[in-house]
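1. here is my input; please provide its structure:
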Amino acid sequence: MTRYCVIGAGAAGISALQQLRQAGYDVDCFEKSSRVGGHWHTDYEALHLITSREMTHFEDFPMPAHYPHFPRRDQVRDYIESYARKHGHYDIIQFNTEVLSVTPVPTDGTTGSAGWTVTTSNGSETYDGVVVANGHLWDKKVPQFPGEFTGKQLHSSEYNNVRDVDGSRVLVVGNGNSGCDLAVDVAQHRLEADIVIRDGVYFQPKTYFGKPRQEVQFLAGFRPDEQDLINRLLARVSIGEWNNYPGMPEPRHHTLAEGSTVVNDLLLYWVHHGRVGIVPGIERFEGKTVHFTDGTAREYDTILWATGFHSSLPFLDSTLVPRRKGAPVRYGAGIVPEGLEKLYYVGMIAPRGPQIPIYGMQAKLVARMIGLHTRAGGNGASIGTYISGLQEPEDRIDIVRDIWLDQMKDTERLLHAFEAAQSAPVPATSNA
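-> Sure thing, here's the model as predicted:
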């Protein structure tokens, strides 16, 4: 049994498939839909990358030179598909195949150390290991409030364009990157939008000096904390501060790393032009009237929920997935589940900045762990037990990139030490 399974054919799954095949492993890949690219097929039309074309690509496969600095949704979709096509992954992926369950092969050792049985809509197969790359942007999260809203409601994952909106008064709930995008889309189509911003955040423009933020070369010469300060100062000069925008609450944190950061200056543009208003938290609903925590109330025709997603793993028994703050507990830079062997997450953590490159980095580490298990033989090398005993548990999805890179370096250090111990000669014993 030396076959491996990848669940999902989005950007993360394709990265895992590429790295494992490149390392010489026999891999199956199951994709519930009929296409490669995951959510890039169904996201709202106004979506563009917030990171630059030059920094957001698979290894040795740059985005086309004719793409703009910040490619739109369909261009990213086409790019992911072209990567899969170039490397022959379409011949490997089993489309329209839903993974129903992933269960550990019974063993006296650590759960998963004897392999995993994967049951799909087309049957069951046992694998030496499983890479979970089903994504964390599909199981919508919608908060509940007292009362009933009788207008139209859509989650950001269900919104395509303003033709989905009823009426002209729209409330956007959620002020992350997606929420700001939706409010801007509504405003740019001459409808009236309010956006709920309960806690202050730092806004960052996409460009400085006409260049994408990630490509401003002089910043690379500074430490992460110095870059944080410089970025805040540059933003203060270019877009101002919270008190320049009516209704905007003051951030409670003092640095970009400590709290939420939004890469969007168009929202601020439309706030200044009166097309987007800022409102506080929701208290309750009454028909089409929304009552807010400051005692005010307004009527809306449509609510757009940009309130995020659950990090769901429907094919794994919940008893196998310890959670903290709603997210699976992990080690090894978000790759290694707590208490399990030979099962790996790729894409279950989202370091700030370009996402596509990190999937390849994670998948390379997975291939390295698989190599250690293979060389150990039998039930493997107990990599999960080893790493979890030497690192702090991680429950974040959103994480500062430099913190995640430090976790990667520490995991690589631990694997190097494990490899050295694995290859060390066994000392001779005396029978005297």
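2. could you pull up phi and psi at D128?
-> Main-chain dihedrals, D128, degrees, to the nearest 10: phi -70, psi -30.
3. what's the pLDDT at it?
-> D128 carries a pLDDT value of 97.
4. quick one: contacts for it?
-> D128 is in contact with M1, T2, R3, Y4, G115, K342, I370, H373, counting by C-beta atoms under 8 Å, 6 or more residues apart in numbering. For glycine as for every other residue, the C-beta is placed from the backbone atoms N, C-alpha and C.
5. which of those residues count as buried?
-> Y4, G115, K342, I370, H373 (16 or more other C-beta atoms under 10 Å).
6. most widely separated two among these?
-> G115 and I370 (12.0 Å; C-beta to C-beta).
7. so what sits against both of these two?
-> D128, G129.
8. pretty sure W116 contacts T107?
-> No - if you go by C-beta atoms under 8 Å, W116 and T107 don't touch, sitting 10.9 Å apart.
9. which one of those two is surrounded by more residues?
-> Neighbours were tallied for W116 and for T107 using other C-beta atoms under 10 Å; the higher tally belongs to W116 (24 against 13).
10. what's the burial count for the closest residue to that one other than its chain neighbours?
-> Nearest residue to W116, sequence neighbours excluded (C-beta to C-beta, 6 or more residues apart in numbering): V130, at 4.8 Å. Neighbour count of V130, defined by other C-beta under 10 Å: 25.
11. tell me the secondary structure for V130?
-> Of the three states, V130 takes strand under DSSP: H, G, I helix; E, B strand; the rest coil.
12. show me what contacts it?
-> Contact analysis of V130 by C-beta under 8 Å, 6+ apart lists Y4, C5, V6, I7, V102, W116, V118, K342, L343, Y344.
13. for the second one, list the residues it contacts.
-> So the one you mean is C5. Applying C-beta under 8 Å, 6+ apart, the residues contacting C5 are V27, D28, C29, F30, W116, V118, E125, Y127, G129, V130, V131.
14. can you lay out the residues you listed as TSV showing distance to V162?
-> Listed next are these as TSV, based on distance: C-beta to C-beta, whole Å:
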residue	distance to V162
V27	42
D28	41
C29	36
F30	36
W116	45
V118	41
E125	45
Y127	45
G129	45
V130	41
V131	38
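15. out of those, which is nearest to M63?
-> Distances from M63 to these, taken by C-beta to C-beta, are shortest for C29, at 22.9 Å.
16. buried set for the helix or strand containing that closest one?
-> Using DSSP states H and E, C29 falls within strand 26-30. Within strand 26-30, the residues that qualify as buried are V27, D28, C29, F30, counting by 16+ other C-beta under 10 Å.
17. name the strands paired with that strand and say parallel or antiparallel.
-> Take DSSP bridges as the rule and strand 26-30 pairs in its sheet with strand 3-7 (parallel), strand 93-94 (parallel).
18. that concludes my questions; thank you for your assistance.
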